[in-house]
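J.: No sequence on hand, only this structure:
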C-alpha cells in the first residue's frame, strides 16, 4: 500500500509518503505566503526521496479543513488533480481528527485552530479518538464551557490561545494518521471539497437580510 | 510540421475553464463552468465564493474538455496556465491543477498572462498581422498596446482610474440593473437617445483613459434628479453614458493608429462584446482603412480557449515555467 498524505490547512506543509508500514519521506515546514509556490515542488521531492512515481500510488489522504481557506484549497487541488489523473480515490479527513490522532495522551483531547476574533475551529475527542463534540467554528469560551463536565482535557494547538488548561503543541504523526485511514474506501476525487465550517462574509450578510429565503 | 496541442486552464475570476487548441488557431474543445448565477445574488463577484467554486469544478472541467475533444492528456503537447493578473484565491486553484498535471504527465508548463490571452483570442479567428494596436477593454483593464511581433507588447496608455468594464457595471448598478450590468446597460441604451449631458473624459494628447469622473457624473445626475423628484429616463441615460464612454475609447484608439501609422486593430476583453463599441470601432476603421479584428462574443469573456491559443505562441517562443510558478494578483503584461 502506497499512500500520499497532504495537509496544507495551516501555514505549514505537512506531507508524507507511507509505503506499507513505513513513513519513507515527509516534510513539516512553515510556508505562509509561499505555500502556493512551494507545495507541489516539495511533494515532488517526497516522491523522489521515496523513489516512487505518483503512478504507483494507491491512495491519497488529504486534510479538507478546517483552517486557512486558501491553504486548504492548495492541498485539495493538488490531491484532486493527482487522484483524478491516476484514477484513484481520496480519503478526505478533518485536520482536527489528525491532531487528536497524533497526540498520545490518556485524557480528552481538544484540538484547536485559531479562527480569530475570539473564535476557534475546534472539537473534542476522547482518549481513543472518538468524537465527543463535532468539528465546529465556535466561540472559544463556548467550547470551553461545553468541556466543563469532562474530567480531564488537554488542548492541542499550535496557536497562541489564552487558555488556562494544559496544552500540547501539534506535531503530526503522519504514519499513525495514514494507518488509521488507509483502509477506508475513500471517494471520487471530483467529489472532494474543503469543509470550511464557516460561510463567507458575503453569504452571512445576505442571510441577515429579511427578504432572503 | 508536427501539430501542437495546447491544453489551457483559466481561473482568474469567476469562470473555471479548460480548453484544447491546435496550433494556436483551432479550438478542439472547451469546457467552462460559469458562476454568474451565484454572484448575481451579491451584485458582483465575491472572491472567496469564486475560489470555493473553482475547487469544486476544476477537475470536472478538465475531464469534460478532454472528453469533448476525445483526447487524453498524453496526446497534449503542453499545458498553458493563467498565472495572473486576477483574484489571487481563484488563480491559484487553476495554477495548482496545471502544475500538478504538468508534473504527472511530464508536459511543459507554459505561463500565460491573462491579458495576452484576451489579445490572442483574435488568433482563433485569423492569425495576428503585425504591427498592430490592441485595444484591451474589460472589467479590470482599459489599455492600448502596440505589438510588432508575437509577445512583444508596448503599452501606449491605459486607464488612470477605473477600468471601462468596472465603470459600466457601477453605472448599471446605480441605474438599478442587476449584475452583471454592463451587457444590460448596452441593451437598454439602444432604446434611448443621448439626451443627458455628461463630461467627456480625459480629452487630451495622451493614450490614457479616465472613467471615474464620468462614473461620478452619472451617479450625481441620477441622485440630483431623484432629489428633485424627476423620473430618470434610464434608456436615455444609458445611451448618453455609452456615447461618451465609447467616443473616448474610439478617439484614443484612432489617435494611436494614426500616430504610429499602423493599420491593424484588434480588440480584446469582455467589453469587446459591447454592441455600440463594436459599431463605433467598425465605422472608424472603415473610414480610415484599418483592418479590424474583434473576436466572436464567446471568446470575449474569460475562457481557457484564448489561454491555450496564447499558450501556443508562448510555447513556440520557448516560454516555460517550473513547478515553483506562483499566481500573481497584479503583474505587467508580458
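T.: It's in. Since the model is a prediction, treat every value here as computed from it, not as a measurement.

J.: CA atoms for contacts and neighbours, from now on please.
T.: OK.

J.: which ones are touching the residue nearest the centre of chain B?
T.: By Cα atoms, centre = their mean, chain B has its centre lying nearest to residue B:269, at 2.4 Å. Contacts for residue B:269 (Cα atoms under 8 Å, 6 or more residues apart in numbering or on different chains) come out as B:115, B:118-119, B:136-138, B:300-302.

J.: Repeat the analysis, applying 6 Å as the threshold.
T.: By Cα atoms under 6 Å, 6 or more residues apart in numbering or on different chains, the residues touching residue B:269 are B:118, B:136-138, B:300.

J.: In helices, which of those appear?
T.: Of the contacts of residue B:269, the ones assigned to helices by DSSP state H are B:118, B:300.

J.: For PyMOL, what selects the buried ones among the contacts of residue B:269?
T.: The following PyMOL line selects those of those that are buried, judged by 16 or more other Cα atoms under 10 Å in any protein chain shown:
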select buried, chain B and resi 118+136+137+138+300
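
J.: and the residue of chain A nearest chain B?
T.: Per Cα to the nearest Cα, residue A:37 is where chain A lies closest to chain B, at 4.9 Å.

J.: Show residues contacting the helix or strand hosting that residue.
T.: In this structure, residue A:37 sits in helix A:35-50 according to DSSP states H and E. With contacts defined as Cα under 6 Å, 6+ apart, helix A:35-50 is touched by A:24-25, B:323-326.

J.: Would you mind listing what in the stretch 201-334 of chain B touches chain A?
T.: Taking Cα under 6 Å from any Cα of the partner chain as the measure of proximity, the stretch 201-334 of chain B contacts chain A at B:323-326.

J.: In which helix or strand does the nearest residue to residue B:27 once chain neighbours are set aside reside?
T.: Nearest residue to residue B:27, sequence neighbours excluded (Cα to Cα, 6 or more residues apart in numbering or on different chains): residue B:21, at 4.5 Å. Assessed by DSSP H and E, residue B:21 sits inside strand B:15-22.

J.: what about that strand, average pLDDT?
T.: Summarised as a single mean, pLDDT over strand B:15-22 is 97.

J.: Same question for stretch B:195-207.
T.: Mean pLDDT, stretch B:195-207: 92.

J.: how about it: buried residues?
T.: B:198, B:200-202, B:207.

J.: Identify the residues contacting it?
T.: For stretch B:195-207, using Cα under 6 Å, 6+ apart, the contacting residues are B:157, B:210, B:240, B:244, B:252.

J.: that older thread, so which other helices or strands are in contact with the strand holding residue B:21?
T.: Counting contacts by 3 or more Cα pairs under 6 Å, 6 or more residues apart in numbering or on different chains; DSSP states H and E, strand B:15-22 packs against strand B:5-10, strand B:26-34, helix B:47-69, helix B:304-316.

J.: Just put the ones you listed in TSV and tack on mean pLDDT and mean neighbour count.
T.: Shown next, in TSV, are those (pLDDT from 0 to 100; neighbours: other Cα atoms under 10 Å in any protein chain shown):
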stretch	mean pLDDT	mean neighbour count
strand B:5-10	98	32
strand B:26-34	97	20
helix B:47-69	97	21
helix B:304-316	98	30
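
J.: so which of those gets nearest residue B:76?
T.: Residue B:76 sits nearest to strand B:5-10 of all the helices and strands packed on strand B:15-22, at 5.1 Å, using Cα to Cα.

J.: Could you list every helix and strand in contact with the closest one?
T.: Using 3+ Cα pairs under 6 Å, 6+ apart: strand B:5-10 touches strand B:15-22, strand B:78-84, helix B:304-316.

J.: could the ones you listed go into TSV alongside distance to residue A:197?
T.: Below are the helices and strands packed on strand B:5-10 laid out as TSV (distance: least, Cα to Cα, whole Å):
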stretch	distance to residue A:197
strand B:15-22	23
strand B:78-84	29
helix B:304-316	31
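
J.: Kindly confirm my reading that residue A:143 is in a helix.
T.: Yes. Assessed by DSSP: H, G, I helix; E, B strand; the rest coil, residue A:143 belongs to a helix.

J.: What spatial separation is found between it and residue A:135?
T.: Separation of residue A:143 from residue A:135 (Cα to Cα, to the nearest Å): 11 Å.

J.: Likewise for residue B:86?
T.: Counting by Cα to Cα, the gap from residue B:86 to residue A:135 is 33 Å.

J.: hey, where'd the helices end up in the stretch 151-300 of chain B?
T.: In the stretch 151-300 of chain B, the segments counted as helices under DSSP state H, counting those that start in this stretch are B:164-174, B:181-189, B:212-227, B:234-259, B:275-287, B:297-300.

J.: Tell me the buried residues in the third one?
T.: So the one you mean is helix B:212-227. Buried residues in helix B:212-227, defined by neighbour count with 16+ other Cα under 10 Å: B:212-215, B:217-219, B:221-222.

J.: what do you get for the last one?
T.: By neighbour count, and taking 16+ other Cα under 10 Å as the criterion, the buried residues in helix B:297-300 are B:299-300.

J.: Pull the residues that contact it.
T.: For helix B:297-300, using Cα under 6 Å, 6+ apart, the contacting residues are B:121, B:269-270, B:273.

J.: Adding pLDDT and distance to residue A:8, write those residues out as a markdown table.
T.: As requested, the contacts of helix B:297-300 are exported to a markdown table (pLDDT from 0 to 100; distance: Cα to Cα, whole Å):
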| residue | pLDDT | distance to residue A:8 |
| --- | --- | --- |
| B:121 | 97 | 36 |
| B:269 | 93 | 35 |
| B:270 | 90 | 35 |
| B:273 | 92 | 40 |
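
J.: Centre of the chain to the helix or strand hosting residue A:205, how far?
T.: Residue A:205 is located in helix A:201-208, with elements delineated by DSSP H and E. The chain centre lies 26 Å from the centre of helix A:201-208; the measure is Cα atoms, centre = their mean, to the nearest Å.
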